[in-house]
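Undergrad: Have a look; sequence and predicted model below, questions after that.
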Amino acid sequence: MQVFHTKSKVIITCNKRLSPYLQEELKALNYDIVRDFPTGLELNITLTECIKLNLNLRCASQILYCLKNFSANTPDELYSELSEMPWEELIDFSGYFSVTSNVDNPNITTPLFANLKVKDAIVDRIKAQKGMRPNSGPDANKAVVHLYWKDSEASIFIDTSGETLAKHGYRKIPGKAPMLEALAASVVMATKWDQKSPFVNPMCGSGTLAIEAALIATNRRPGLFRMNYGFMHISGYDEQVFFAERRILKDQVIKNAALQIIATDLSEDAVEVSRKNAKTAGVDTLITFEVCDFADTPVPDTGKGVVVFNPEYGERLGVHSKLEATYKRMGDFMKQHCKGYFGYIFTGNPDLAKKIGLKADRKVEFYNGKLDCRMLEYELYDGSRRPDEERPKR
């Protein structure tokens, strides 16, 4: 099977509500989108083109290349269909593979059983053809096969990513309750930041928002931080294609960018973690870190920029009343020190959001894990409110 040079359906998945930002990325890379849905989109491309996308996309989770669509009502029918496929042409019979799935079938009570049937079909086919059987298990660091099965309709994919793309590879020290990198990139993209004016991030935690802002502004792609993908373990893979794409990534980096990115936190440990993560990402010299209360965060007097907060949401008992005062202070800080800026507060607690004391101009929907969240946007105009035609658009 010449999958690297054959066009097929490709599903690019993402976390719920990140699809609009994933679409922006694909359009910027000049790809035609066949369809979009809340957790991803569909293209018609080759497996070789998936290599480029794996290295470039910030908001994606997995890139799945379709091998076959078929009908199956029972596990035995699933096994029968898959055991007829030439897996010996795709997977090294002396190697290793894993199976993942998304299953909604009345004859399956646990996805693990469906995974087992897929694994058995692949192993039995390769053993029959080559006299040897590959190893399999849960690790996604080699070849990965993905099953989508809803009712009687099934599709089998190569997961060209392997480990999720939503983690960008630079955050070796996660810190406390970190924001997923793909979500952080989407949050930055959802703001009205022009990638030139100041980006101010009080309460920076492990620094993910500030780091993603620096990566976006300097065109540093996630592929610069990773050297292993699922596509590398499929027969026919040409490593020269990968290294050529990686050289393009290096050449695209904007060097000596004049950025003002400021990240502060009251915790010395958080700031130290942020510095280390930024150094791994190669953007530590572009971010000014400082230990201080958020109200003492230095805000450049440029008349424009963005200030982005990702405070606690008050999920734990006993902290809600304390956070009410914190949210009010955030509103006061933006009103008093951020005139001319756009202010953003990312929160999963609408009751606390009411304590900010400002009316949001826009509310952008996100999920942080399973928590329904909003990013609230405030135009912190200095003096009279700007006419609509003069306001930055997103």
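TA: Received, thanks.
Undergrad: Mind listing what's buried along stretch 210-220?
TA: A210, I211, E212, A213, A214, L215, I216, A217, T218, R220 (16 or more other Cβ atoms under 10 Å). In short, each C-beta sits where N, CA and C put it, glycine included.
Undergrad: TSV for the residues you listed, including secondary structure and pLDDT?
TA: Shown next, in TSV, are these (DSSP: H, G, I helix; E, B strand; the rest coil; pLDDT from 0 to 100):
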residue	secondary structure	pLDDT
A210	helix	98
I211	helix	98
E212	helix	98
A213	helix	98
A214	helix	98
L215	helix	98
I216	helix	98
A217	helix	98
T218	coil	97
R220	coil	98
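Undergrad: need these in a markdown table with distance to I248, can you?
TA: Shown next, in a markdown table, are these (distance: Cβ to Cβ, whole Å):
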| residue | distance to I248 |
| --- | --- |
| A210 | 26 |
| I211 | 22 |
| E212 | 21 |
| A213 | 22 |
| A214 | 20 |
| L215 | 16 |
| I216 | 17 |
| A217 | 19 |
| T218 | 15 |
| R220 | 13 |
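Undergrad: Closest to T191 out of the residues you listed?
TA: A213 (8.9 Å; Cβ to Cβ).
Undergrad: what residues are up against Q260?
TA: Shown in contact with Q260 (Cβ atoms under 8 Å, 6 or more residues apart in numbering): S197, P198, F199, T288, P300, T302, G305.
Undergrad: can you pull the buried residues of the stretch of helix or strand I248 belongs to?
TA: I248 belongs to helix 239-252 when assigned by DSSP states H and E. Buried residues in helix 239-252, defined by neighbour count with 16+ other Cβ under 10 Å: F242, E245, R246, L249.
Undergrad: Do you know the pLDDT at the first one?
TA: Which is F242. Confidence at F242, expressed as pLDDT, is 98.
Undergrad: For Y148, see how far away it is.
TA: 26 Å (Cβ to Cβ, to the nearest Å).
Undergrad: Now the two most distant members of the buried residues of stretch 210-220.
TA: So for the buried residues of stretch 210-220, where distance means Cβ to Cβ, the most widely separated pair is A210 and R220, at 13.5 Å.
Undergrad: so what secondary structure elements neighbour the helix or strand following the helix holding I248?
TA: Downstream of helix 239-252, the next assigned helix or strand under DSSP H and E is strand 261-265. The contact analysis (3 or more Cβ pairs under 8 Å, 6 or more residues apart in numbering; DSSP states H and E) places strand 261-265 against strand 199-201, helix 208-217, helix 268-281, strand 287-291.
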